[in-house]
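Student: Fold the following and give me the result.
(chains A and B)
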Protein chains: 2
Amino acid sequence: VRFDHVAIAVRDLEAAVDLWTRSFGLRCEHVEDVPAQGVRVAFLLGDGPGARIELIQATDPESGAARYLGQRGAALHHVAFAVPDLAAALAASALPKVDAAPRPGAEGRHVAFLHPQGTGGVLVEWVGDPGA
Amino acid sequence: VRFDHVAIAVRDLEAAVDLWTRSFGLRCEHVEDVPAQGVRVAFLLGDGPGARIELIQATDPESGAARYLGQRGAALHHVAFAVPDLAAALAASALPKVDAAPRPGAEGRHVAFLHPQGTGGVLVEWVGDPGA
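Tutor: Coordinates of the predicted model:
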């Protein structure tokens, strides 16, 4: 398993990209609409290899991100791990799931979220990535 | 700047290490008491290089981690970036700070926290690391 990214829910994606690049020296890798999740996201890179920071702005008021922003405000949102076979990982895990089956996520990859109740209060995303 | 780790506040460090290693295939790098911060922490590694996951259990009821756990419960806690010169980074930044000056953190490094008010609701830690 590879630590892929940590995500931050933000109200204004452009302002957030500006903050994290200017104040912390991160670089914006790319910005992408993910209609299947009702969000627009930006991936940020630090120096060196490894995990990225994902900024998430809700574009659909019914999305999980919109509900989270309404309840908690802008805040850390989830951690994501890349696994080589997402369906197999879901099938093998007894943890409670938000998504019982893979669904489309950012970067053309399939993703599934696990429920925070099973993971000590932390929303966890698995990302299917054959190279992981 | 290097993305060093994301931290999760937990109530029971041993149980959390067990969860994250068994259910997600992370490896425990080391466990450490950090009396200056009133916490006991574990650093977890995924495959490949890059950022780690830090689990934080409060050992001092007056610690920031204990207050966070009391208010929010177990949850994602902060993101940390390694900077080569922590004092210079603090001096150069106009963002509101929790720590005006470096103080002792985990792994024998000095750290300083920035206030979530200036960073879109996210607690950010800078870690001084000459190699960063």
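
Student: Buried residues, the longest helix along chain A. List them.
Tutor: Secondary structure of chain A per DSSP state H: the longest helix is helix A:13-24. Neighbour counts over helix A:13-24 (16 or more other CB atoms under 10 Å in any protein chain shown) mark A:L13, A:A16, A:V17, A:L19, A:W20, A:S23, A:F24 as buried. Backbone N, C-alpha and C define where each C-beta goes, glycine included.

Student: do you know how far the third one is from B:A65?
Tutor: Distance check for A:V17 against B:A65: by CB to CB, to the nearest Å, it reads 29 Å.

Student: ok, now the fifth one?
Tutor: Between A:W20 and B:A65 the distance, using CB to CB, works out to 24 Å.

Student: for the last one, same thing?
Tutor: With the distance defined as CB to CB, A:F24 ends up 22 Å from B:A65.

Student: thinking again about what came up before, restrict the buried residues of helix A:13-24 to those near chain B?
Tutor: Among those, the residues within reach of chain B (CB under 8 Å from any CB of the partner chain) are A:A16, A:L19, A:S23, A:F24.

Student: JSON lines please, covering these and showing distance to B:R103 and pLDDT.
Tutor: Formatted as JSON lines, these follow (distance: CB to CB, whole Å; pLDDT from 0 to 100):
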{"residue": "A:A16", "distance to B:R103": "28", "pLDDT": "98"}
{"residue": "A:L19", "distance to B:R103": "24", "pLDDT": "97"}
{"residue": "A:S23", "distance to B:R103": "21", "pLDDT": "96"}
{"residue": "A:F24", "distance to B:R103": "20", "pLDDT": "96"}
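
Student: Go through these and name the one nearest B:K97.
Tutor: A:S23 (12.1 Å; CB to CB).

Student: residues in chain A within reach of chain B, list them.
Tutor: Residues of chain A lying near chain B (CB under 8 Å from any CB): A:1-3, A:6, A:8, A:10-11, A:16, A:19, A:23-26, A:46-53, A:73-79, A:81, A:93, A:95, A:119-122, A:124, A:132.

Student: please redo it, this time with the cut-off set to 6 Å
Tutor: Residues of chain A lying close to chain B by CB under 6 Å from any CB of the partner chain are A:1-3, A:6, A:8, A:10, A:16, A:23-25, A:46-51, A:73-76, A:81, A:95, A:120-122.

Student: Counting neighbours, which of those residues end up buried?
Tutor: Those of the residues of chain A next to chain B that meet the buried threshold are A:1-3, A:6, A:8, A:10, A:16, A:23-24, A:46, A:50-51, A:74-76, A:81, A:120-122, by 16+ other CB under 10 Å.
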